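Novice: Give me a model of this one.
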Amino acid sequence: MFLLGATAAALIMAVLEIIFVADKKKVLPCIGIVLKNIVVIDVASIAVQKYLMKYQHFLDTSKYNTGHFVKFFFVSLVVGIGVQAVFAVLSGKLMFQRPAPYKKKWVKVVDIVIKVLAILLFAIGAIAKYGSIWAREAFGSVTADQLIINMTSGTEGTELSVYIEGFEGPFFQILAVTVLFGVVLFSRFDILFKWGKRKPIKTFCDLPKRILCLVFAAVFFYSGMSIADQKLDLYMVINSYFINSSFIEDNYADPETTPIEFPAQKRNLIHIYLESWENSYLKPELGGFEGLGTDDLMPNLTELSYEGIIFSDTDNYFGGPHYGTGTQWSIASMVNQTTGLPMKAPGYKNTYGSDGNFLPGAFTLGQILEREGYEQTMMIGASAGFGALDQYYLTHGNWNIFDYNYAKENGYIPSDYKVFWGYEDDKLYEYAKEEITRLYETGKPFNFTMETADTHRPNGYVTPGKETPFESPYANAIWNSDQDVVAFVNWIKQQPFYENTTIVLIGDHCSMETKFFEDYGFTDDYLRTQYNCILNADPTMLATFDAANTKNRKWANWDYFPTIIASIGGKIEGERLGIGTNLFSGEPTIFEEYGEDKANTELEKKSTLYNEKILETDDLSSVVGDGPY
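Specialist: Numbering: from 1, shown residues only. Now for the predicted structure:
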């Protein structure tokens, strides 16, 4: 079938060559032209079919239909045109010459404008197209506002393979196609063609070529932006910068001024963000993805979970938060769960981490607990400079930062030590045990926050010598992380402070390891949600707690802020902090009150409170209304 299509195209090109190009139209030269076209075009077309179009067979075509034939026929025609162009150049029929200089000044100006505009349109289109495709394939459901935030925040400590992947992928693609386009655009030449025995005549001039390049660049720009909008939801950026909404103002309860009553004996808090941990890893009968089959990736955490409280979006015991605007990456999740706010693209001059500021107008969990006399530590195995996370914590409470840099500076690891994103979770848990013990020995109530990293993309990390029962490296990382976190929690349960300590476990966001989900055949009809569990919550609060409040909830990460406060015994007037609702209370969340689509759409829009008072200052009095209660 493919040979037939290629041969048909070759015959067409041979006839055209005989009619318009051949000097001699006698029988033998014409037969030679036909044979030459058939051999060269067939071989070239089959090579394209096999190596570019990835059709594995060109002799056994039983698996292909008429549509494949038609497609390959037109591909062969394109190849044939290219072959004919090469023949024409080699035979002296197609010639290029440098055009005469432009004589009129206005033509020169038009030429410069066309070149500048065309290269800009093409480059932006290439960035939009290849960048958005790579971002979606590499990170999953990212949005443009997330990319803006990440690009305007610190990238210190990023795992090297992420840079390599980015350079080998979109950066080089963008560079290659833009350079090739630039060569065609900026080179000056006229095309002359010799028809039969006639003298060469000019068939294509330089200026029209540039105009065609501009048209092509405009089409490419439109195509690239359309793909980016489809992949990254560019409309969200338009909303965040140009469309106003008072939704946050109308539903905001200021954490600094909202009355919160804590018990006389304050409970300790251990808040563990589990990198990329979601409920799809469960057994299918518990709500996991059926494509995993018998691959139970989290048996230990499953068993531990029954000792705690899980807020589920279904009738099942296991479930979690739904997607919310500005929630689905690590730093955003931390901001959500400690401010009760989404993490939105910066609206004005300020950015996250600029001038030592990071949401200076937000009043956070760390500041509330600082006010209550807590000793606090934030620990991660990567650099806290990534995304300016260190600035967020240091400017919002009396936090000790124990990160990769701290570990090097204080002799925990050698100065040249680097595993994955910094140091591995095996070390993280050992250092955490030491630091929690130190916090306890201060005699103050303590808040210890940590984030794991071994299940981060790309591919996760498994310490050499650990179990690898699965073919997927990422599945092995999940499997081992499941054992490690439960072993750590069991250590906590054996400590003298545990009776007065609440443990909060939550996946910081759904996983971005897209290849893992492709390999297991994940589909969009499976709703992925973050794992969550609260262990050993305040017994006084639990005494009046209605277990029905844990099922069929529609909530997002920001609702965990007041929920965490309640889990350690805090009584919140109105049951709301930020735009988050205390899930223990049974009061409706903004998703339950307005619907997810409505709430998320409004949160995407520009907010005066967020831009002028949260990002810029700590004075909320002029924009915050009475709130919902």
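
Novice: mind listing the helices in the stretch 451-600 of the chain by residue range?
Specialist: 473-493, 514-519, 539-543, 560-567, 590-594, 596-604 (DSSP state H, counting those that start in this stretch).

Novice: Pick out the shakiest of those, pLDDT-wise.
Specialist: Among the helices of the stretch 451-600 of the chain, helix 514-519 carries the lowest mean pLDDT, at a mean of 83.

Novice: in that one, what counts as buried?
Specialist: Going by neighbour count (16 or more other Cβ atoms under 10 Å), the buried part of helix 514-519 is T514, F516, F517. Just so you know, the C-beta spots here come from the backbone N, C-alpha and C atoms, and that holds for glycine as well.

Novice: Please save the CA atoms from it in CSV.
Specialist: The C-alpha atoms that make up helix 514-519 are tabulated as CSV, following Å, rounded to 0.1, in the frame of the first residue of the first chain:
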residue,chain,number,x,y,z
THR,A,514,3.1,12.1,34.1
LYS,A,515,4.9,9.1,32.7
PHE,A,516,3.9,7.0,35.7
PHE,A,517,0.2,7.7,35.1
GLU,A,518,0.5,7.2,31.3
ASP,A,519,2.1,3.8,31.9
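
Novice: just checking, what packs against it?
Specialist: The helices and strands touching helix 514-519, judged by 3 or more Cβ pairs under 8 Å, 6 or more residues apart in numbering; DSSP states H and E, are helix 105-139, helix 473-493.

Novice: how far out from the middle of the chain is that helix?
Specialist: Offset of helix 514-519 from its chain centre (Cα atoms, centre = their mean, to the nearest Å): 14 Å.

Novice: Quickly note the distance from A123 to V34.
Specialist: Separation of A123 from V34 (Cβ to Cβ, to the nearest Å) stands at 44 Å.

Novice: Between the two, tell me which one has more neighbours.
Specialist: A123 (20 against 17; other Cβ atoms under 10 Å).

Novice: show me what contacts the more buried one?
Specialist: I174, T178 (Cβ atoms under 8 Å, 6 or more residues apart in numbering).

Novice: where exactly do the helices run in the stretch 101-250 of the chain?
Specialist: Taking DSSP H, counting those that start in this stretch to define them, one finds helices in the stretch 101-250 of the chain at 105-139, 144-151, 160-166, 172-186, 206-232, 235-242, 247-251.

Novice: I'd like to know which of those helices is closest to V48.
Specialist: Taking Cβ to Cβ, helix 172-186 is the member of the helices of the stretch 101-250 of the chain nearest to V48, at 18.1 Å.

Novice: list the buried ones in the closest one?
Specialist: For helix 172-186, a neighbour-count test (16+ other Cβ under 10 Å) marks Q173, I174, V177, T178, F181, G182, L185 as buried.

Novice: ok, now stretch 244-254?
Specialist: Neighbour-count burial for stretch 244-254, counted by 16+ other Cβ under 10 Å, picks out S245, F247, I248, E249, D250, N251, Y252, A253, D254.

Novice: Run through the chain and note the low-pLDDT ranges.
Specialist: Within the chain, the ranges that satisfy pLDDT under 70 run 1-2, 53-64, 90-103, 107, 135-169, 189-207, 232-236, 293-294, 346-356, 617-629.

Novice: ranges for the strands of it?
Specialist: Ranges of strands within the chain are 94-97, 190-193, 201-204, 260-261, 268-274, 375-380, 399-402, 446-451, 501-507, 532-535, 571-572, 576-577, 580-581, based on DSSP state E.

Novice: Now tabulate the buried residues of helix 514-519 in TSV and tack on distance to M450.
Specialist: Below are these laid out as TSV (distance: Cβ to Cβ, whole Å):
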residue	distance to M450
T514	26
F516	24
F517	26
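
Novice: what's near enough to touch the residue nearest to P588 when sequence neighbours are not counted?
Specialist: Spatial nearest neighbour of P588, chain neighbours left out: T581 (6.8 Å); criterion: Cβ to Cβ, 6 or more residues apart in numbering. Listed by Cβ under 8 Å, 6+ apart, the contact set of T581 reads W555, D559, P562, E575, E587, P588, T589, I590.

Novice: From those residues, list just the buried residues.
Specialist: With burial judged by 16+ other Cβ under 10 Å, the buried subset of the contacts of T581 is W555, D559, P562, E575, E587, T589, I590.

Novice: Adding distance to Q337, write those residues out as a markdown table.
Specialist: Shown next, in a markdown table, are the buried ones among the contacts of T581 (distance: Cβ to Cβ, whole Å):
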| residue | distance to Q337 |
| --- | --- |
| W555 | 12 |
| D559 | 9 |
| P562 | 10 |
| E575 | 16 |
| E587 | 18 |
| T589 | 14 |
| I590 | 15 |
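
Novice: Number of residues surrounding D403?
Specialist: Counted with other Cβ under 10 Å, D403 comes out at 25.

Novice: Quick check: it vs N268, distance?
Specialist: Distance of D403 to N268, computed by Cβ to Cβ: 22 Å.

Novice: Could you do D559 as well?
Specialist: D559 is 22 Å from N268, by Cβ to Cβ.

Novice: Next: K209.
Specialist: From K209 to N268 the distance is 72 Å (Cβ to Cβ).

Novice: Those two - which one has more neighbours?
Specialist: More crowded of K209 and N268, by other Cβ under 10 Å: N268, with 24 against 18.

Novice: Phi first, then psi, for P263.
Specialist: phi -70, psi 160 (degrees, to the nearest 10).

Novice: JSON lines for the buried residues of helix 172-186, including distance to V43?
Specialist: Formatted as JSON lines, these follow (distance: Cβ to Cβ, whole Å):
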{"residue": "Q173", "distance to V43": "28"}
{"residue": "I174", "distance to V43": "32"}
{"residue": "V177", "distance to V43": "27"}
{"residue": "T178", "distance to V43": "31"}
{"residue": "F181", "distance to V43": "29"}
{"residue": "G182", "distance to V43": "31"}
{"residue": "L185", "distance to V43": "32"}
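
Novice: Could you single out the most deeply buried of the helices and strands packed on helix 514-519?
Specialist: Comparing the helices and strands packed on helix 514-519 by mean neighbour count (mean count of other Cβ atoms under 10 Å), helix 473-493 ranks first with a mean of 20.

Novice: The helices and strands packed on helix 514-519: which one's closest to F311?
Specialist: Relative to F311, the nearest member of the helices and strands packed on helix 514-519 by Cβ to Cβ is helix 473-493, separated by 18.5 Å.

Novice: helices or strands up against that closest one?
Specialist: Judged by 3+ Cβ pairs under 8 Å, 6+ apart, the packing partners of helix 473-493 are strand 268-274, helix 299-305, helix 425-441, strand 501-507, helix 514-519.

Novice: tell me the angle the fourth one makes with helix 425-441.
Specialist: Computed with axes from the mean of the first three to the mean of the last three Cα atoms, to 10 degrees, the direction of strand 501-507 lies at 150 degrees from that of helix 425-441.

Novice: Run through who's touching strand 501-507.
Specialist: When contacts are defined by Cβ under 8 Å, 6+ apart, strand 501-507 is touched by residues 267-278, 301, 308, 320, 333, 337, 485, 489, 492, 495, 530-538, 560, 564, 567-568.

Novice: Could you do the third one as well?
Specialist: Identification of contacts with helix 425-441 by Cβ under 8 Å, 6+ apart yields 268, 270, 375, 377, 379-381, 402, 407, 412-413, 446, 448, 450, 452-454, 461, 463, 481, 484, 487-488, 491-492, 495-497.

Novice: Buried only: go through those residues for me.
Specialist: Using 16+ other Cβ under 10 Å, the buried ones in the contacts of helix 425-441 are 268, 270, 375, 377, 379-381, 402, 407, 412-413, 446, 448, 450, 452-454, 461, 481, 484, 488, 492, 497.
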